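Asker: sequence and predicted structure below; questions after.
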Amino acid sequence: MNFDLKEHPHRRYNPLNGEWVLVSPHRMKRPWQGQVEKPEKEIKPEYEATCYLCPGNSRAGGEQNPEYDHTFVFTNDFSALLEDTPMGTYEKGGLLKAKGAKGMCRVICFSPRHDLTLPELSQEDIVRVVELWQQEYKALGSLPEIQYVQIFENKGQMMGCSNPHPHGQIWAQSDVPVEPAKEGKQQGDYYQRFQTSLLQDYVALELKEKERIVINNEHFLVVVPFWAVWPFETMIISKRHFQNILQMTEEEKQAYAAVLKELTILYDNLFETSFPYSAGIHQAPTDGMEHTEWHFHHHFYPPLLRSATVKKFMVGYEMLGNPQRDITAEHSAERLRSLPKEHYKMK
């Protein structure tokens with residue numbers, strides 16, 4: 001019997017972090033007897049008096065927001081990282097180790113409108129978000145104690161988002177976090193071996209294969225990675241090899257905003273709901289080194305599997321063995337590709 005990626009259980013390697021995922025495509029044939037509910041069509045107002053992110057409102061920490069017109073950024077009132085943390089260490093017996101973590105956490109409001117999400121913003125408004133990401137990456141990354149600037153967004157209550165107002169976060173810290181550190185090592189090893197970018201070579205391969213491409217414009221490629229863990233996981237990858245968001249040309253910035261809008265529209269259209277996800281940019285550390293090996297990319301990790309309410313959890317084998325998925329990356333890409341490009345609310 002010939003091995004078939006679409007039929008037989010197999011493991012797929014993730015060259016970005018050096019880990020494996022178990023893929024079990026045959027399990028998609030089993031009948032689904034779990035709970036499936038239609039999502040409630042929530043109608044949100046343009047302005048919410050009790051929202052601590054809306055213009056002019058007071059935040060939980062007592063500060064008042066300005067009457068902002070487009071984007072707005074402020075230091076999180078309940079930051080996970082603090083600027084004045086003493087950089088001490090703790091160690092016992094070679095097994096118990098800890099060290100101080102210094103940094104700061106910022107909140108970025110994408111729009112003054114409480115009722116909109118990223119796919120419902122204009123491309124011009126998304127460009128403003130990208131420009132604010134650039135400003136914050138530059139400002140925070142220039143601080144001598146900051147080694148990494150993590151830009152990310154949690155969308156939807158399912159992903160732990162405590163406020164529906166369109167916003168994201170930036171955590172800047174004195175160490176490189178675990179996931180970017182793993183990716184940095186893998187990219188560094190690859191660059192040292194081949195003198196080329198791992199993701200640039202991956203983009204070239206995906207353009208030949210075509211099976212996992214979701215969006216393809218002049219400057220960016222959106223794929224369901226061959227090694228994807230989440231059901232409809234995607235990755236936005238720059239076609240040109242550059243290390244961080246400050247190195248984008250004006251054309252690339254516009255193309256990036258266009259891709260962000262189109263991809264999030266496809267997500268919403270999949271189950272005709274405001275699609276939850278955790279998403280974030282991975283780019284070079286801000287430790288003053290060149291980091292030629294790094295290649296700019298943006299991960300999207302959405303949890304929905306079969307409908308607007310059926311969420312994939314990491315349980316059992318995935319917690320004790322390694323991640324596992326049933327739906328193949330190729331099938332996910334085909335479904336996303338085939339969706340309408342106009343947001344379902346505009347019908």
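Answerer: Sure, I can see it. As the structure is a computational prediction, the values presented were derived from the model and not from experiment.
Asker: all helices for the protein, in order.
Answerer: Across the chain, reading from the start of the chain, the helices by DSSP state H fall at 123-141, 178-194, 198-209, 250-271, 317-320, 329-337.
Asker: tell me the strands in this protein, going along the chain?
Answerer: For the chain, the strands identified by DSSP state E occupy 10-14, 19-23, 72-75, 89-92, 96-99, 103-109, 148-155, 167-173, 213-216, 220-223, 234-238, 277-282, 297-301, 324-325, in order along the chain.
Asker: now the ones you listed as CSV including mean pLDDT and mean neighbour count?
Answerer: Yep, even glycine has a C-beta here, placed from its N, CA and C like the rest. What follows is the strands of the chain, written out as CSV (pLDDT from 0 to 100; neighbours: other Cβ atoms under 10 Å):
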stretch, mean pLDDT, mean neighbour count
strand 10-14, 95, 15
strand 19-23, 95, 18
strand 72-75, 97, 16
strand 89-92, 94, 9
strand 96-99, 95, 10
strand 103-109, 97, 21
strand 148-155, 97, 22
strand 167-173, 97, 21
strand 213-216, 98, 19
strand 220-223, 98, 24
strand 234-238, 98, 24
strand 277-282, 97, 23
strand 297-301, 98, 21
strand 324-325, 92, 22
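Asker: which one of those strands lies closest to S307?
Answerer: Distances from S307 to each of these were compared by Cβ to Cβ, and the smallest falls on strand 277-282, at 15.5 Å.
Asker: sheet-wise, list the partners of the closest one with their directions.
Answerer: When pairs are called by DSSP bridges, strand 277-282 turns out to pair with strand 148-155 (antiparallel), strand 297-301 (antiparallel).
Asker: would JSON lines of those with distance to E252 be doable?
Answerer: Putting these into JSON lines (distance: least, Cβ to Cβ, whole Å) gives the following:
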{"stretch": "strand 148-155", "distance to E252": "16"}
{"stretch": "strand 297-301", "distance to E252": "13"}
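Asker: re earlier: now for the strands of the chain, which one comes closest to Y317?
Answerer: Across those, closest to Y317 is strand 324-325 (Cβ to Cβ), at 5.9 Å.
Asker: how much space is there between Y191 and S58?
Answerer: Distance, Y191 to S58, by Cβ to Cβ, to the nearest Å: 49 Å.
Asker: between those two, point out the one with more neighbours.
Answerer: Under the criterion of other Cβ atoms under 10 Å, the comparison of Y191 against S58 puts Y191 first, with 19 against 10.
Asker: contact partners for that one?
Answerer: Contacts for Y191 (Cβ atoms under 8 Å, 6 or more residues apart in numbering) come out as S197, L198, T292, E293.
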